[in-house]
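**Q** Here's a sequence, model it:
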Amino acid sequence: MLVLLIVFMISAPLMQQGIQVDLPKANAPTLNEIPDQLVLVVDKAKRVLINGNAVASGSLRNRLVAMSKAKPEIQVFIQADQNIPYGFIAQVMAEVKQAGITRVGLVTEAQDSNSRL
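**A** Take a look at the predicted model:
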């Protein structure tokens with residue numbers, strides 16, 4: 001459980017170029033490129049993209065199940081706009097979990113060292 005919490009706190013490298021997402025800020029070390037990683041983007045319009053490809057509403061879980069079968073050690077990094085409601089992100093995370101993927105992290109930007117929560 002602690003490992004999962006740490007993964008949530010760690011930032012992942014930004015893999016998607018050209019998709020505008022206003023990430024939240026957090027103090028966490030950065031990760032180097034990780035094999036078997038999947039970047040799931042949620043933009044301001046609540047569109048979900050997997051590695052830059054839009055996912056049709058209702059098909060996220062099926063796509064993730066197929067990917068986790070192909071790569072059982074897959075890790076998902078959710079890169080969500082900070083203005084997306086918490087409930088929507090919770091739904092996305094539930095879809096990831098229901099697809100059988102247990103290694104999940106949230107992508108953040110580095111926070112200014114002088115700022116506080």
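**Q** remind me, longest helix of this protein?
**A** Assignment by DSSP state H gives helix 86-98 as the longest helix of the chain.
**Q** Mind checking what helix or strand follows that helix in sequence?
**A** strand 104-106 (DSSP states H and E).
**Q** Neighbouring strands of whatever helix or strand comes next after that following strand in the sheet, and parallel or not?
**A** For strand 104-106, the following helix or strand on the C-terminal side (DSSP H and E) is strand 109-110. Here strand 109-110 is paired, per DSSP bridges, with strand 25-26 (parallel).
**Q** mind checking pLDDT for Ala110?
**A** Per-residue pLDDT puts Ala110 at 73.
**Q** For the protein, which segments count as helices?
**A** Under DSSP H, the chain gives helices at 2-9, 60-70, 86-98.
**Q** right, and the ones you listed - which one's nearest Phe77?
**A** helix 2-9 (8.9 Å; Cβ to Cβ). Bear in mind the C-beta positions are built from the backbone N, C-alpha and C, glycine included.
**Q** Now the closest one: average pLDDT?
**A** Helix 2-9 comes out at a mean pLDDT of 46.
**Q** Stretch 88-104 too?
**A** pLDDT averaged over stretch 88-104 gives 94.
**Q** Output that stretch as PDB, nothing but the C-alphas.
**A** C-alpha atoms of stretch 88-104 as PDB (Å, rounded to 0.1, in the frame of the first residue of the first chain):
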ATOM      1  CA  PHE A  88     -14.000  12.300 -12.700                       C
ATOM      2  CA  ILE A  89     -10.400  11.400 -12.000                       C
ATOM      3  CA  ALA A  90     -11.600   8.900  -9.400                       C
ATOM      4  CA  GLN A  91     -13.800   7.300 -12.100                       C
ATOM      5  CA  VAL A  92     -10.900   7.000 -14.500                       C
ATOM      6  CA  MET A  93      -8.800   5.500 -11.700                       C
ATOM      7  CA  ALA A  94     -11.600   3.000 -11.000                       C
ATOM      8  CA  GLU A  95     -11.600   2.000 -14.700                       C
ATOM      9  CA  VAL A  96      -7.800   1.400 -14.500                       C
ATOM     10  CA  LYS A  97      -8.200  -0.800 -11.400                       C
ATOM     11  CA  GLN A  98     -11.100  -2.700 -12.900                       C
ATOM     12  CA  ALA A  99      -8.900  -3.500 -15.900                       C
ATOM     13  CA  GLY A 100      -6.600  -5.300 -13.500                       C
ATOM     14  CA  ILE A 101      -3.800  -2.700 -13.500                       C
ATOM     15  CA  THR A 102      -2.500  -2.000 -10.000                       C
ATOM     16  CA  ARG A 103       0.500   0.200 -10.700                       C
ATOM     17  CA  VAL A 104      -0.900   3.700 -11.200                       C
END
